[in-house]
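> Curious how this folds, go ahead:
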Amino acid sequence: QVQLVESGGRLVQAGGSLRLSCAASGLTFSNYAMGWFRQAPGKEREFVASITWSFGIRYAESVKGRFSISRDSAKNTMYLQMNSLKPEDTAVYYCAAKRSQVFFQPDLWGQGTQVTVSS
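Okay, here's the model as predicted:
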């Protein structure tokens, strides 16, 4: 059974840091483009960052210079290091994957992890 499980979300003060993890199981990790989305209350889900073997790393403009995405093939895990957090980063963060070298319209999703940034 293919599964993505996020962890690491919690309440943090503005300016603080968090590292989210996404553990993948039931799939061949290297065959998948992976990334993070987030959804704030009352807003649409938005792209945060992606990482692929062929096309490298992309970030949303709103998180460039503050967030860093990485993946560890030995652990089948993807990470999102979030620094200099702002209240507007408050959202449910979702891990997503696509069996492709292009992170477009991912079809595998985790259940989400809540990140709350207090001012």
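> switch to C-alpha atoms for all contacts and neighbour counts from now on
Will do.
> contacting residues around the spatially most central residue of the chain?
Nearest to the geometric centre of the chain sits residue 36, at 2.7 Å (CA atoms, centre = their mean). Shown in contact with residue 36 (CA atoms under 8 Å, 6 or more residues apart in numbering): 47-50, 80, 93-96.
> and what of residue 1?
Neighbouring residues of residue 1 by CA under 8 Å, 6+ apart: 25-26.
> got a pLDDT number for it?
Looking at residue 1, its pLDDT reads 88.
> May I see the contacts of residue 36 organised as CSV, with secondary structure and pLDDT added?
What follows is the contacts of residue 36, written out as CSV (DSSP: H, G, I helix; E, B strand; the rest coil; pLDDT from 0 to 100):
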residue, secondary structure, pLDDT
47, strand, 97
48, strand, 98
49, strand, 98
50, strand, 97
80, strand, 98
93, strand, 98
94, strand, 98
95, strand, 98
96, strand, 97
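> Does residue 33 touch residue 97 like I think?
Yes. With contact defined as CA atoms under 8 Å, residue 33 reaches residue 97; the gap is 5.7 Å.
> okay, and the common contacts of the two?
residue 103.
> Who has more neighbours out of the two?
A count of neighbours by other CA atoms under 10 Å puts residue 97 above the other of residue 33 and residue 97, at 26 against 23.
> any idea whether that one is helix, strand or coil?
When classified by DSSP: H, G, I helix; E, B strand; the rest coil, residue 97 comes out as strand.
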